Each structure stands twice: as C-alpha cells, then as structure tokens.
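Chemist: Build the 3D model from these lines:
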Amino acid sequence: MSKQATPDEAAFLSVLEAHQAILHKVCRMYARTEEGRRDLFQDIVVQMWRAWPRFRQESKVSTWMYRIALNVAISGLRRPELPTETLTEAQHHLPGTEKELPDEVLRLYAALEGLSKSEKSLALLFLDDYSYEEMAQITGLGTDHLRVKLFRIREKLRTILQQQNTIYHEKR
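Modeler: Alright, predicted model coming up:
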C-alpha cells in the first residue's frame with residue numbers, strides 16, 4: 001500500500017520540484033564528483049525538510065533555499081566526499097543535473113574553483129541575478145560589504161580567466 005503524502009509533504013515536494021535547479025547549481029559549485037553532488041543534494045534536502053516547519057514565507061522560497069543550500073555546502077554539515085570509481089553516465093544520471101556544458105561554462109566553473117567557499121556563494125548569487133538586498137538577506141552581510149566583496153571577486157575571476165585563456169592559446 002503506498003502512503004499518501006500529507007499536505008505539508010506535498011507542499012514541500014512541490015517547492016523542491018519547482019526550484020531544484022538552485023540546489024543543482026550549489027551542488028555543482030561545491031562538489032567535484034557526480035557522487036559528491038548527489039550526496040550534497042541529499043544533505044541539503046534533508047536540512048530543508050528539517051527547516052520546512054519553520055519557514056514562515058517572509059522571504060521568497062528561492063532565497064530560503066539558497067540560504068540553506070549554501071549553509072550546508074559551506075559549513076561542512078555534509079559528510080566529506082569519498083574517492084569513488086568513475087561510473088558510466090547511465091549508472092549515475094540524476095534527473096535535472098547538468099547536460100553537456102559549453103566550453104565557456106566549463107571554463108567559468110574551473111575559474112570558480114579558484115575562489116574560497118564564501119566567494120563561490122556570492123559569485124553564484126551574483127550570476128543568478130540576485131539583488132544586493134536579496135544577497136544580504138541570504139548571506140547576512142551588509143549591502144556595502146557585498147559590493148566590495150563582489151568587486152574583489154570579479155577582479156579575481158578576471159585574472160583567473162585571463163590566465164586560463166593564456167594557457168588555452170599556448171596549447172593551440
């Protein structure tokens with residue numbers, strides 16, 4: 001006999017389904033392997049479910065999700081990634097995860113690897129077009145502090161990308 005979801009569970013699952021791309025972005029940013037991404041995704045969902053009864057909808061659901069996802073990814077609530085053997089795509093495909101990405105996107109992800117965990121979180125929010133006010137709500141930082149940090153992050157990424165382009169052109 002299959003169990004019917006309660007209204008609270010159904011609402012949570014609906015929110016998760018509608019906004020799961022946020023979680024996949026965070027997982028891609030913080031976990032190097034597909035298995036690590038799946039584990040991080042699961043850990044984030046568990047934390048979201050635990051926090052769901054306290055979500056008062058005073059902010060956008062995407063803001064709430066980002067806050068939890070980034071806190072889990074940054075704080076180390078999740079278990080450490082274990083080395084794994086490579087699996088074929090068919091063995092580990094997770095619905096909603098990235099498809100084959102263009103070279104420019106892969107280079108950006110590689111550049112983002114050069115950032116600290118907290119810098120990655122700000123870069124991710126910036127790339128998703130969050131306002132400074134929304135970023136402040138998610139991160140707990142002041143908007144002026146965010147502006148300074150984002151300026152420094154953009155400069156750091158610019159340097160990393162220029163180095164990548166130099167290496168790329170030397171190889172050709």
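Chemist: Can you tell me the number of residues neighbouring the nearest residue to Y130 once chain neighbours are set aside?
Modeler: On the basis of C-beta to C-beta, 6 or more residues apart in numbering, the spatially nearest residue to Y130 that is not a chain neighbour turns out to be I138, at 7.2 Å. To be clear about C-beta, it is placed using only N, CA and C from the backbone, and glycine gets the same treatment. Around I138 there are 24 other residues, counting by other C-beta atoms under 10 Å.
Chemist: So I138, which state does it fall into?
Modeler: The three-state label given to I138 by DSSP: H, G, I helix; E, B strand; the rest coil is helix.
Chemist: So it is in contact with L125, correct?
Modeler: Yes: contact status for I138 versus L125: in contact at 6.4 Å, counting by C-beta atoms under 8 Å.
Chemist: which residues are in contact with both of these two?
Modeler: With contacts defined as C-beta atoms under 8 Å, 6 or more residues apart in numbering, the residues adjacent to both I138 and L125 are Y66.
Chemist: picking up where we left off before, for R37, see how far away the residue nearest to Y130 is.
Modeler: I138 sits 21 Å away from R37, going by C-beta to C-beta, to the nearest Å.
Chemist: so where does the closest residue to L16 other than its chain neighbours fall, helix or strand?
Modeler: Counting by C-beta to C-beta, 6+ apart, V45 is the residue found nearest to L16 once chain neighbours are left out, at 6.7 Å. Element membership of V45, judged by DSSP states H and E, is helix 34-51.
Chemist: Give me the packing partners of the longest helix anywhere in the chain, helices and strands only.
Modeler: Longest helix in the chain by number of residues (criterion: DSSP state H): helix 143-171. For helix 143-171, the elements it packs on are helix 103-112, helix 117-127, helix 132-139, judged by 3 or more C-beta pairs under 8 Å, 6 or more residues apart in numbering; DSSP states H and E.
Chemist: Tell me what angle the shortest one forms with helix 117-127.
Modeler: This points to helix 132-139. Orientation check (axes from the mean of the first three to the mean of the last three C-alpha atoms, to 10 degrees): helix 132-139 against helix 117-127 gives 140 degrees.
Chemist: how far away is E9 from E104?
Modeler: When C-beta to C-beta is applied, the distance between E9 and E104 equals 40 Å.
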